[in-house]
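Novice: Provided below for reference: sequence and predicted model.
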Amino acid sequence: MDVWWGSLLPTPAGLTLDPATLKIEELSKRLHDAQNTINDLSVKLKETSAESEEARDTVRQLQASLFEAQITKDSDEKEGQANSSGKEFVDVPLNSTSKVLCHLKNNIGTITMNDPSKLNSFSNELVSDLLSALDAFERSTTRTRVVILRAQPGVKVWSIGHESQPFQLTGEMQDIERPVQALLKRIKEYPIPVIGALEGSLWGAACDVAACCDMLVGTPNTTFSMTCAKQGVPHRPAGANYFSGVLPAHVIKHMYFTGRPLAAEAALRVGFLNEVVPPNHLQATANNMACEVAGNAPLVVSLLKRELSVLGTTATPTDLALEAEDLRRRAYDSYDRREGTTAVLEGRRPVFKGE
């Protein structure tokens, strides 16, 4: 049977399907129906001169549901069969036209940007697919404890940032920036830690995306370039705000005012990059870092991320205190807190469930 889109074959007479097979067939039918709906909505979007924000959101939600079902179906199939291929995982597209590939293993979700012809520029399509993948992994929080964001191995450019084509003399800057701003906000407020695995050069908005990630692993050829002053294109204050939390002010000003790239070695020295490793070790290093995080209590990790992310925001101390107290109470009353205490007393490693 095709892993994702194979048609459902009739069951031979006298043959009774086991529950696991029936579940897989039901998931296949759900995937097929969801894909048809997504395709219909995508066609309607293309036929409309003014794209509907509501329709785009509907497509994104359906894509998230579709991918979540794919994750479940893949896991159920692999539980019932030996993996003789020797591969750790197979990247899965969100849909037939997706700009990203995804997989989930050992509670670690990986999102791979896959639009090399446009140098992974943050087009509406790529941003929508990234948001859909994040939505899908969040829906499956009992499975996903860490997300790794990367490009295809071996790329010279991780992402060129904003799509260059829309920058016209009569273009509206807000229309160009709005999708990327939604992505930055989503990563920053995402309840699950996001690790950036960076290879090659990052330009403009791609640097903002990196700044919003919780941890970063780079390679010796990783560079960060902000060329807004050279191009005469203003950079929104929100982008600079993301940088201000992870880089010293004089480093940010040097990048902005001169347009010169920040090299990996310098980024590591000022604490922007957590590690710099050879390209062939990038994925393994990111996975090892993710495994360390995934092995800890998910509710506490989520609480810590939220507490750290609101530092320096305009929210009132009272609002932050109330929100933090609610998150602390949830973590304190959780199974994981009891499991962690019991494990210490019993001298063993805790097994956290995120509950």
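Specialist: Here it is on my side, so go on. From a predicted model like this one, the values you see are computed outputs, not experimental measurements. Numbering: from 1, shown residues only.
Novice: low-confidence ranges in the stretch 51-200 of the chain?
Specialist: 51-96, 141-142, 164-177 (pLDDT under 70).
Novice: look up the pLDDT of residue 248 for me, please.
Specialist: Note on residue 248: pLDDT of 91.
Novice: would you confirm that it contacts residue 270?
Specialist: Yes - the pair residue 248 / residue 270 is scored as a contact, 6.1 Å apart, by C-beta atoms under 8 Å. Bear in mind the C-beta positions are built from the backbone N, C-alpha and C, glycine included.
Novice: and residue 262, how close does it get to residue 206?
Specialist: 13 Å (C-beta to C-beta, to the nearest Å).
Novice: got it, and residue 350?
Specialist: Taken as C-beta to C-beta, the span from residue 350 to residue 206 is 37 Å.
Novice: and residue 38, by the same measure?
Specialist: Using C-beta to C-beta, one gets 27 Å for the distance from residue 38 to residue 206.
Novice: quick one: which of the two has more around it?
Specialist: Taking other C-beta atoms under 10 Å, residue 38 and residue 206 do not tie; residue 206 has more neighbours (28 against 22).
Novice: can I assume that one sits in a helix?
Specialist: Yes - going by DSSP: H, G, I helix; E, B strand; the rest coil, the assignment for residue 206 places it inside a helix.
Novice: check what pLDDT it gets.
Specialist: 95.
Novice: in three-state terms, label residue 147 for me.
Specialist: Residue 147 ends up strand, using three-state DSSP.
Novice: list the residues that contact it.
Specialist: 108-111, 134, 137, 190, 192-195 (C-beta atoms under 8 Å, 6 or more residues apart in numbering).
Novice: tell me the one of the residues you listed nearest residue 296?
Specialist: Residue 296 has its nearest neighbour among the contacts of residue 147 in residue 193, at 9.8 Å by C-beta to C-beta.
Novice: and that closest one, how many neighbours?
Specialist: Look at residue 193: counted by other C-beta under 10 Å, it has 22 neighbours.
Novice: how much space between it and residue 307?
Specialist: Residue 193 is 13 Å from residue 307, by C-beta to C-beta.
Novice: now swap in residue 119 and tell me
Specialist: In terms of C-beta to C-beta, residue 119 sits 36 Å off from residue 307.
Novice: who has more neighbours out of these two?
Specialist: residue 119 (21 against 14).
Novice: not counting its neighbours along the chain, what's nearest that one?
Specialist: Using C-beta to C-beta, 6 or more residues apart in numbering and skipping residues adjacent in sequence, the residue nearest residue 119 is residue 160, 4.1 Å away.
Novice: wait, the one you found touches residue 207, no?
Specialist: No - Residue 160 lies out of contact with residue 207 (C-beta under 8 Å); the separation is 11.0 Å.
Novice: these two: which has the busier surroundings?
Specialist: Remark: of residue 160 and residue 207, residue 207 carries more neighbours, 27 against 19, as counted by other C-beta under 10 Å.
Novice: report the contact partners of the more buried one.
Specialist: 161, 224-226, 243.
Novice: kindly recompute the last result at 7 Å.
Specialist: 224, 226 (C-beta atoms under 7 Å, 6 or more residues apart in numbering).
Novice: heads up, I number from 18, so please use that
Specialist: With the count now opening at 18, the last piece we talked about shows up as residue 224.
Novice: please tell me how far it sits from residue 170.
Specialist: Separation of residue 224 from residue 170 (C-beta to C-beta): 21 Å.
Novice: show the end-to-end separation of stretch 222-242, please.
Specialist: Stretch 222-242 stretches 9 Å from its first residue to its last (C-alpha to C-alpha, to the nearest Å).
Novice: tell me which stretches of the stretch 218-367 of the chain form strands.
Specialist: With DSSP state E, counting those that start in this stretch as the criterion, the stretch 218-367 of the chain has strands at 218-220, 232-235, 240-242, 279-280, 292-293.
Novice: just these: most buried one?
Specialist: strand 232-235 (a mean of 25; mean count of other C-beta atoms under 10 Å).
Novice: which elements pack onto that strand?
Specialist: strand 211-214, helix 299-311 (3 or more C-beta pairs under 7 Å, 6 or more residues apart in numbering; DSSP states H and E).
Novice: partners of the shortest one in the sheet?
Specialist: Read it as strand 211-214. strand 163-168 (parallel), strand 232-235 (parallel) (DSSP bridges).
Novice: outside of it, which residues touch it?
Specialist: By C-beta under 7 Å, 6+ apart, strand 211-214 touches 163-167, 204, 227, 230-234, 299-300, 303, 306-307.
Novice: and if you look at the last one?
Specialist: Residues external to helix 299-311 that are found in contact with it (C-beta under 7 Å, 6+ apart): 123-125, 162-163, 165, 170, 210, 212, 214, 216, 232, 234, 236, 292, 294, 318.
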